[in-house]
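> Fold the following for me, if possible:
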Amino acid sequence: MSDNNESLREIRINPVVPTESVLIATARGMRPRKQEEPVPRDTRDHVETCPFCKGNEAKTPPTIIAFPGEDDWEVRIVENLFPVLGDDKDDNALRFGLQQVIDGYGRHEVVIDHFKHGIGIHEMSESHIVLMFLAYQNRMAQLYESDPRLKYVLVFKNFGRAAGASIAHTHSQIIAMPVVPENVINEIEHSRNYYRKHNQCIFCTLIDEALTFEATIYDRESGEIRRKVNVGQYVVERGEKFIAIKPFASRFEWEVHILPLVHESDFLSLDDADRADLARVFKRTMQRLDKVIGGAQYNFFLHSMPRDEAYENYAESYHWHLEICPRTSIPTGFELGSGLFVSTISPEDAAEKLRSVEI
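Predicted structure coming up:
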């Protein structure tokens, strides 16, 4: 952990995607700026005008699937009225000069996470979160089976306007697309490169280090020891099957990743015991985040193995995971212009604060 009385300035390389880097600049956190108030959250159980509240089903497109059932639903999936991708299927790709256009075919759906309007993830029961993950799995599997042209299904949640949410009722989204997103490709390809060199998944290596490894950081000029780092301090929460880790090169100040402890490439492989432990680790992680940065806006998203023939032999080297990215600051011109994320709190200090919360 960094010395709180000493400013930390480090450029950290993402070990999974080495082309990405993060600037840790703790002195930036002391600069004068207006203190932002926590985002007010609508905590009402039911809002008469909300299309996602129970009893207002006629205000949304028809139910695609509901859990446990359509009449007594707790989690409900419908089409998005304003999709980023559509059902129109056009196999004709256009090319003119260096420009290429592929038809924007795909599916965009809304997962109404809970029948209660303003409930937060950290307030949901573990059994309900299990149901939510089951809904994700079922719908992802259905989409992959429905059309071989769908190469990737992304599940994500936006909470708060800064994170892209337009409706207050708790919900997440599913987008199925005919291409694999570039950031997922980067993870897959770099993971494969690491596996070829070391015969081990890089995510598994990071988990092993987080549980057992201690590192020594030396001064580049003098060679003297600057500090020792117990890598285990990145662990935020641990269950029997899952672990929540603060990334060494966190893009967002309070970013946390949840991964299976045992290697698994595909989120769809979760069984009942997996879902139960994932729900517990996820809820406790969100409770910790709420205690430390209550009212924060955030995104979370699942990165899992694509259904693309190009990656059918990559299962041994890729590890599925859930990324939670609280939005406590707005990217500046430096970040947008350089592509270098800036964090004003060290991941070590952030992890300690999250881990020390009593829940």
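
> Name the SS class of the nearest residue to residue 50 once chain neighbours are set aside, please.
Of all residues not flanking residue 50 in the chain, residue 169 sits nearest, at 5.1 Å (C-beta to C-beta, 6 or more residues apart in numbering). Backbone N, C-alpha and C define where each C-beta goes, glycine included. State at residue 169, reduced to three classes by DSSP: H, G, I helix; E, B strand; the rest coil: coil.

> begin at 8 from here
New numbering, starting at 8: the last item is residue 176.

> ok, now which ones touch residue 176?
54, 57-60, 119, 124-125 (C-beta atoms under 8 Å, 6 or more residues apart in numbering).

> For it, report the pLDDT, please.
As predicted, residue 176 sits at a pLDDT of 93.

> about what we covered before: and the contacts of residue 176, which two are the farthest apart?
58 and 125 (14.7 Å; C-beta to C-beta).

> Give me the distance between the two termini of stretch 253-263.
Taking C-alpha to C-alpha, to the nearest Å, stretch 253-263 runs 5 Å from one end to the other.

> Go ahead and name everything in contact with it.
19-22, 27-29, 213, 238, 241-243, 251-252, 264, 292, 296, 299-300, 303, 330-336, 348, 350-352, 354-355, 357-358, 361.

> Which ones among those lie within strands?
Counting by DSSP state E, the contacts of stretch 253-263 place 19-20, 28-29, 242-243, 251-252, 264, 330-334, 348, 350 in strands.

> could you flag which of those residues are buried?
Neighbour-count burial within the ones in strands among the contacts of stretch 253-263 applies to 19, 28-29, 242-243, 251-252, 264, 330-334, 348, 350; the criterion is 16 or more other C-beta atoms under 10 Å.

> show me where this structure has helices.
Along the chain, the segments classed as helices by DSSP state H run 133-153, 189-205, 209-219, 279-300, 340-345, 354-362.

> Just want the angle from the longest one to helix 133-153.
Spelled out, it's helix 279-300. Put simply, helix 279-300 runs at 120 degrees to helix 133-153, going by axes from the mean of the first three to the mean of the last three C-alpha atoms, to 10 degrees.

> Going by neighbour count, list what's buried in helix 279-300.
For helix 279-300, by 16+ other C-beta under 10 Å, it's 281-297, 300.

> cool, the last one as well?
For helix 354-362, the buried set under the neighbour-count rule, 16+ other C-beta under 10 Å, comprises 354-361.

> ok, and what's touching that helix?
Here helix 354-362 has contacts from 8-9, 11, 31, 33, 236, 240-244, 253-257, 260-261, 263, 292, 295-296, 299, using C-beta under 8 Å, 6+ apart.

> Tell me the one of the ones in strands among the contacts of stretch 253-263 nearest residue 114?
For the ones in strands among the contacts of stretch 253-263, the nearest to residue 114 is residue 330 (21.8 Å; C-beta to C-beta).

> ok, for the closest one, nearest residue in space, not its chain neighbours?
residue 264 (5.3 Å).

> How far off centre is stretch 306-323?
Counting by C-alpha atoms, centre = their mean, to the nearest Å, stretch 306-323 is centred 14 Å from the centre of its parent chain.

> Skipping adjacent residues, who's closest to residue 305 in space?
The nearest residue in space to residue 305 (C-beta to C-beta, 6+ apart) is residue 333, at 4.3 Å.

> surely that neighbour meets residue 296?
Yes: between residue 333 and residue 296 there is a contact under C-beta atoms under 8 Å: 6.2 Å.
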